[in-house]
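1. just coords:
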């Protein structure tokens, strides 16, 4: 079932809804993400971006609606199966395994193939090499043997990104990659995202840093009150009156 | 089973359910404010019962009078326990470690009761111990009625405190969203301490009510903690109304099952309810969406 | 018995840094190659000494009482290690593992009594039965996390206690159940000796299995669950199945220890087999030694188990052993939640050869790296000032939004 012919629509949601005790966090959200591009999801606080994100990655079960990825319905799949299908994600407040070393953090994301592989040693040289290469790439290879809890917040963010990459996803969802990070590091993360995108990874980024969104993304989707209200290239979205209204409450 | 017997079981179930409701409310309160499963809750319950028995033994006065001492004492112990012990635990492992810590407290209390008053079974003899009233053909022991009245009164008081006092509002805010409560200026630490104290106060009242009517021994608390924990899971962790409703339903169920099955098997209703809840609605039947995560 | 523990204690702690070689503590250690071989030698020596001590124990034991106390400690070591398959790897604290111990014990006894099976066939079959029972139980219990899981685990013991007491016609109820002896010809001391070795063999099998899982990918996945379950899932770890397997393995080993106990002790009573205390001892011992370490539960079992036996001997059957257990558990939870092995390691590190701390090294290296990065990245990022400025405006926006977004 190859749907790659249908380029431009690898990940999409139709009529996705989720409410928490009467509050509609996401309602009837129909969104198509562009494959091979850097998609950004923006919107004011409480507009349902993170809930939407969690519905797509299976962390929260949507009340209704569907999520399709490469032509497969992944709506009610468990998060690990969605991850294995090729969608990697980071968390809003960076999450790493605090009492594992940096290297072990990456080895978690290696997918065992079959029972024998499951019980074989976790320290496979080929995978360690791959993990080290990723650590070099994000720039924390010197910390390989430190426990993750001893890293600075910025280093943990980089570690989280490396962990996501270790699973070799083709779509990467980042929840506020620039949140709480110093300017130099924001630049580094942006560069990494661009490089990875050039290598063919699709990105879906939830971000509050407008400067970053506008400079980084190819396609912007604006959320307000649980549903998309506008989408398009950054320049167009920026001048959309509905977006201004949502943000400024005019 | 005759109609009167059924009715009698039903009334006894309501009376038992009232006591369960008060105790489960305390247990779910700790969880609400601190995300702590207080295994020692029922140990304090038995301790209060022993104190009531000891008070009666020494002074010959009505055990209910011991409440004057035990309620404030337990409140202070609760506040102290929260401030001195629970807050020392690392936030990351708080839930698990607090279970073990309160488990240790329960063992400590059980051991000390056994050490001080020995493992012999105790029972309070009151002038009205064997008195009963007839109520539409059902014979209800007066002590059970007194215990129920005490539980119902305390639960009503707890409800009033939670709903109408400023402290109750702060408590509810802390239960619902601790960080948000902090942002609007509630001192959540202090509130959590008072919440703990309030929870232990329910154990003091419940224990005194229990002492009127039950034979007590040091390890009795294990018979209480299981049903109480099942009740708060069924009711939804952290939800006081949920705990009260589940307590009533299960208390009545237990009482009704006692006639055909006997006391031992009737107790299994709590665990059956627990597993049914886990399979159908892990977050509990009455509100409380915290359970699955904690 | 205290002698045995005194000699075993220092060797285990000396061996422990080698055990945890997978968690290197210092970066930038030079000449780590020789260090590593030295550690490996130390580990092998410690292992051989421990094994020799264990094997020689029945010969060294001055009387049958000490020998039977040794068996009790060995059975504690088995249960604590079995518990650690779940508690240590996944971080799920089960206070009700006594349920599986009791099921294994009663299963073995009843299979011998009703089906006339040979003792050890019944023992294995009982283990297999518990394995099968634990699958649906685990699926139910693992639907919840944290506190709810603990509640469920305790309820297993309480419910089984009720059932086994209530169903007297099948289980013997409170009158107890006599288990036929597997070796009717053996005299009492010989019987003890054989069972000491049997428990030791069971323990060795468990340690081997724990070690194998610890170094496997499966083990890495389980440890990820312990650290952050959601995150592990998001990285593609099938957490539910992993937890279930760990739970079943843990329960089955506990049941095998229970069955072995039944064959040794020969008399079962629900109040002792399905006892909350037994479950709490497993947790206390594993926690005391250190749940992240292969030998942690064993070390905890030796120290706590010897303490408990000594207490019973000295103070008899008073309730004081409850108080002592409670105080010890409280102290461990409050002051040594990672256990004795890491505490000892920290002590060795403080007084041993001074390593520079991780933070210092990384901070220094980070500075250097940043300098290098700003030099090379200048061409892609634009001027150094510009991203800083961009982030400046970005941050003010970020500040407004720290409330989080649901």
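-> The structure has been received and is ready for your questions. Note that this is a predicted model, so its numbers are computed, not measured. Numbers count the residues shown, from 1 in each chain, chains lettered A, B, ... in the order given.

2. what stretches of chain B score poorly on pLDDT?
-> B:1, B:287-294 (pLDDT under 70).

3. and if you look at chain A?
-> Across chain A, the ranges flagged by pLDDT under 70 are A:1-9, A:21, A:248-250.

4. the longest helix in it is where?
-> Longest helix in chain A, counting residues (DSSP state H): helix A:183-198.

5. what's the following helix or strand after that helix?
-> As assigned by DSSP states H and E, the chain's next helix or strand after helix A:183-198 is strand A:202-206.

6. could you identify the helix or strand that succeeds that next one?
-> Per DSSP H and E, the helix or strand that comes after strand A:202-206 is helix A:210-216.

7. taking strand A:202-206 as reference, get the angle to the helix or strand that that next one is followed by.
-> Using DSSP H and E, the helix or strand that follows helix A:210-216 in sequence is strand A:219-224. Put simply, strand A:219-224 runs at 30 degrees to strand A:202-206, going by axes from the mean of the first three to the mean of the last three CA atoms, to 10 degrees.

8. please, where are all the strands along chain A?
-> For chain A, the strands defined by DSSP state E cover A:11-20, A:23-33, A:38-42, A:64-69, A:72-73, A:87-89, A:171-175, A:202-206, A:219-224, A:227-232.

9. how about the longest one: buried residues?
-> In other words, strand A:23-33. Buried residues in strand A:23-33, counting neighbours by 16 or more other CB atoms under 10 Å in any protein chain shown, are found at A:24, A:25, A:26, A:27, A:29, A:31, A:32, A:33. Every C-beta, even on glycine, is put in place using the N, C-alpha and C of the backbone.

10. sorry, back to before: most packed of the strands of chain A?
-> Among the strands of chain A, strand A:87-89 has the highest mean neighbour count (mean count of other CB atoms under 10 Å in any protein chain shown), at a mean of 27.

11. quickly note the distance from residue C:82 to chain B.
-> Residue C:82 sits 18 Å away from chain B, taking CB to the nearest CB, to the nearest Å as the criterion.

12. re the thing from before, so which of the buried residues of strand A:23-33 are also by chain C?
-> Applying CB under 8 Å from any CB of the partner chain, the subset of these adjacent to chain C comprises residue A:25.

13. can you tell me which of the buried residues of strand A:23-33 lies nearest to chain C?
-> Among the buried residues of strand A:23-33, residue A:25 lies closest to chain C (CB to the nearest CB), at 5.8 Å.

14. and for the nearest residue to that closest one once chain neighbours are set aside, the neighbour number?
-> Once flanking residues are discounted, residue A:25 sits nearest to residue A:51: 4.0 Å by CB to CB, 6 or more residues apart in numbering or on different chains. Using other CB atoms under 10 Å in any protein chain shown, residue A:51 is surrounded by 26 other residues.

15. same check on the one 5 residues further on?
-> Using other CB under 10 Å, residue A:56 is surrounded by 28 other residues.

16. next: residue A:45.
-> 13.

17. gap between it and chain B?
-> Here the criterion is CB to the nearest CB. By it, residue A:45 lies 13 Å from chain B.

18. roughly how far does that residue sit from residue B:204?
-> 45 Å (CB to CB, to the nearest Å).

19. hey, what's the spatially most central residue of chain A bridged with?
-> For chain A, the residue nearest the mean C-alpha position is residue A:173 (1.2 Å; CA atoms, centre = their mean). Per DSSP bridges, the residues bridged to residue A:173 are residue A:89, residue A:204.

20. these two touch, right, it and residue A:88?
-> Yes. When contacts are counted by CB atoms under 8 Å, residue A:173 is listed as touching residue A:88 (7.0 Å).

21. so how many other residues sit close to residue C:221?
-> 30.

22. oh, I was asking about residue C:329
-> With other CB under 10 Å as criterion, residue C:329 counts 24.

23. ok, residue A:198 next?
-> Neighbour count for residue A:198, taken as other CB under 10 Å: 9.

24. OK, contacts around the residue nearest to the centre of chain A?
-> Contacts for residue A:173 were tallied using CB atoms under 8 Å, 6 or more residues apart in numbering or on different chains; they are A:53, A:56, A:57, A:87, A:88, A:89, A:90, A:203, A:204, A:205, A:206.

25. from these, pick the one nearest chain B.
-> residue A:57 (16.9 Å).

26. quick one: the closest residue in space to residue A:149 that isn't next to it in sequence from residue A:146, how far?
-> Nearest non-adjacent residue to residue A:149, counting by CB to CB, 6+ apart: residue A:98, 3.7 Å away. In this view, residue A:98 and residue A:146 are 11 Å apart by CB to CB.

27. just residue B:263 next, same as before
-> The gap separating residue B:263 from residue A:146 is 58 Å, by CB to CB.

28. more neighbours, the two?
-> residue A:146 (23 against 11).

29. give me phi/psi at that one?
-> Per-residue torsions, residue A:146: phi -80, psi 150 (degrees, to the nearest 10).

30. from chain C, how far out is it?
-> 5 Å.

31. contacting residues around residue C:313?
-> Not one residue lies near residue C:313 by CB under 8 Å, 6+ apart.

32. hmm, I was thinking of residue C:223
-> Residues in contact with residue C:223 (CB under 8 Å, 6+ apart) are A:97, A:100, A:104, C:89.

33. tell me who's in contact with residue A:246.
-> Going by CB under 8 Å, 6+ apart, residue A:246 touches A:43, A:44, A:47, A:222, A:224, A:229.

34. and the furthest pair within the residues you listed?
-> A:44 and A:229 (10.7 Å; CB to CB).

35. ok, for residue B:184, nearest residue in space, not its chain neighbours?
-> residue B:173 is the one closest to residue B:184 (CB to CB, 6+ apart), at 7.3 Å.

36. and that neighbour, how many neighbours does it have?
-> Residues near residue B:173, counting by other CB under 10 Å, number 17.

37. that one: which element?
-> Going by DSSP H and E, residue B:173 is part of helix B:166-176.

38. name the next helix or strand following that helix along the chain.
-> Note on helix B:166-176: by DSSP H and E, the next helix or strand toward the C-terminus is helix B:178-183.

39. got the contact list for that following helix?
-> Applying CB under 8 Å, 6+ apart, the contact partners of helix B:178-183 are B:170, B:173, B:174, B:188, B:191.

40. if we go to 6 Å?
-> Residues from elsewhere that reach helix B:178-183, judged by CB atoms under 6 Å, 6 or more residues apart in numbering or on different chains: B:173, B:174, B:188.

41. flag every buried residue along that helix.
-> B:178, B:181.

42. same thing with stretch A:117-129?
-> A:118, A:119, A:120, A:122, A:123, A:127, A:128.

43. can you put these in a markdown table and add distance to chain B?
-> As requested, those are exported to a markdown table (distance: CB to the nearest CB, whole Å):
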| residue | distance to chain B |
| --- | --- |
| A:118 | 27 |
| A:119 | 28 |
| A:120 | 31 |
| A:122 | 24 |
| A:123 | 26 |
| A:127 | 28 |
| A:128 | 28 |
